[in-house]
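In: how would this look folded up:
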Amino acid sequence: MSYIKFKVPDALKKDIKDALSTISGTRDAKIRKGMNEVTKSIERSLTKLVIMAEDVSPPEILFHVPLLCEEKSIPYGYVSTKKELGNAARINIASSAIAIENVGTGNDKALDDILKKLEALKK
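Out: I've put the predicted structure just below:
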């Protein structure tokens with residue numbers, strides 16, 4: 001049993017990383033990094049999107065996240081590695097999960113585009 005609930009195509013992973021990089025570069029954006037912060041953000045229903053790395057070891061660390069997201073109707077997706085996720089969020093350290101709380105000024109379209117693609121993927 002794994003925390004990875006569906007396969008994300010490479011093209012969508014690239015789109016997710018590009019959008020995350022754009023959002024994290026915006027001054028008024030709010031991104032939560034790391035397992036504890038992401039979990040708290042989900043439980044408080046503040047999150048617009050959760051992105052997890054597929055190479056987390058042990059996988060039990062992220063096992064509860066997709067379940068919480070589905071319970072709170074929060075969209076989520078995956079990228080290949082923790083290093084890629086950290087780089088996309090413009091932090092110089094690998095991260096197992098990231099939650100976007102506020103996209104910042106002018107980034108609504110980037111987030112909406114990713115959300116539509118993730119929704120289409122789950123159908």
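
In: the residue nearest the centre of the chain: what secondary structure?
Out: Centroid-nearest residue in the chain: residue 51, 1.5 Å away (criterion: C-alpha atoms, centre = their mean). Following DSSP: H, G, I helix; E, B strand; the rest coil, we place residue 51 in the strand state.

In: and the residue lying closest to it once chain neighbours are set aside, what's its pLDDT?
Out: Sequence neighbours aside, residue 98 is the residue nearest to residue 51 in space, at 4.9 Å (criterion: C-beta to C-beta, 6 or more residues apart in numbering). No exception for glycine: its C-beta is placed from N, CA and C like everyone else's. You'll see residue 98 listed with a pLDDT of 95.

In: and if you look at residue 1?
Out: Per-residue pLDDT puts residue 1 at 49.

In: re the thing from before, surely the residue nearest to residue 51 and residue 85 touch.
Out: Yes - applying C-beta atoms under 8 Å, one finds residue 98 in contact with residue 85, separated by 6.0 Å.

In: spell out which residues are contacts of both of these two.
Out: 20, 51, 52 (C-beta atoms under 8 Å, 6 or more residues apart in numbering).

In: which member of the residues you listed is positioned nearest residue 110?
Out: Residue 110 has its nearest neighbour among the shared contacts of residue 98 and residue 85 in residue 20, at 8.9 Å by C-beta to C-beta.

In: check for me that that closest one belongs to a helix.
Out: Yes - under three-state DSSP, residue 20 falls within a helix.

In: residue 98 is in contact with that one, correct?
Out: Yes - at 6.9 Å, residue 20 counts as touching residue 98 under the criterion of C-beta under 8 Å.

In: which residues of this structure score low on pLDDT?
Out: Scanning the chain for pLDDT under 70 picks out 1, 123.

In: for the residue nearest to residue 34 when sequence neighbours are not counted, helix, strand, or coil?
Out: The shortest distance from residue 34 to any non-neighbouring residue, by C-beta to C-beta, 6+ apart, is to residue 95 (6.2 Å). Classification of residue 95 using three-state DSSP returns coil.
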